[in-house]
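Colleague: quick one: sequence and predicted model below, then my questions.
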Amino acid sequence: MLIEELEEAKYFSLKDSYETKEDGCPEVWTDYPATFTSIRVNGKSKSISHYHGCQGGEGSFVYPNSLTELESRIDEIVGTKRWIK
């Protein structure tokens, strides 16, 4: 299930970092959380550092949207909501 989500998001094609304009962030806002994801499948590994202040133009969404959606799906699949109050 999670593997399909990673494939759909093209996780292995994404950059290793989305933190600055140099990483491709259209806008960078301060004081936002970050998410770190990593996976190892069939000998392939990938890690991404994703600062949620990396905003997609006028703050319309956390850039890149496909990575943000994947992070949300990971939270849903593993049930992290039960640990958040």
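Modeller: It's in.

Colleague: next one: the longest helix that the chain contains to chain centre, how far?
Modeller: Longest helix in the chain, counting residues (DSSP state H): helix 65-78. Mean C-alpha position of helix 65-78 versus that of the full chain (C-alpha atoms, centre = their mean, to the nearest Å) differs by 7 Å.

Colleague: buried residues of that helix, list them for me.
Modeller: By neighbour count with 16 or more other C-beta atoms under 10 Å, helix 65-78 contains the buried residues 67-68, 70-71, 73-74. Placement of C-beta: from N, CA and C, glycine included.

Colleague: and residue 32, how many neighbours does it have?
Modeller: 12 (other C-beta atoms under 10 Å).

Colleague: which SS state does it fall under?
Modeller: Under DSSP: H, G, I helix; E, B strand; the rest coil, the three-state class of residue 32 is coil.

Colleague: relative to residue 9, how far out is the closest residue in space to residue 77 that isn't next to it in sequence?
Modeller: Nearest residue to residue 77, sequence neighbours excluded (C-beta to C-beta, 6 or more residues apart in numbering): residue 2, at 5.6 Å. Distance, residue 2 to residue 9, by C-beta to C-beta, to the nearest Å: 11 Å.

Colleague: now swap in residue 22 and tell me
Modeller: For residue 22 relative to residue 9 (C-beta to C-beta), the value is 22 Å.

Colleague: could you give the backbone dihedrals for the residue nearest to residue 11 when sequence neighbours are not counted?
Modeller: Leaving out its chain neighbours, the residue that sits closest to residue 11 by C-beta to C-beta, 6+ apart is residue 46, at 6.2 Å. Residue 46 adopts backbone torsions of phi -160, psi 140, taken as degrees, to the nearest 10.
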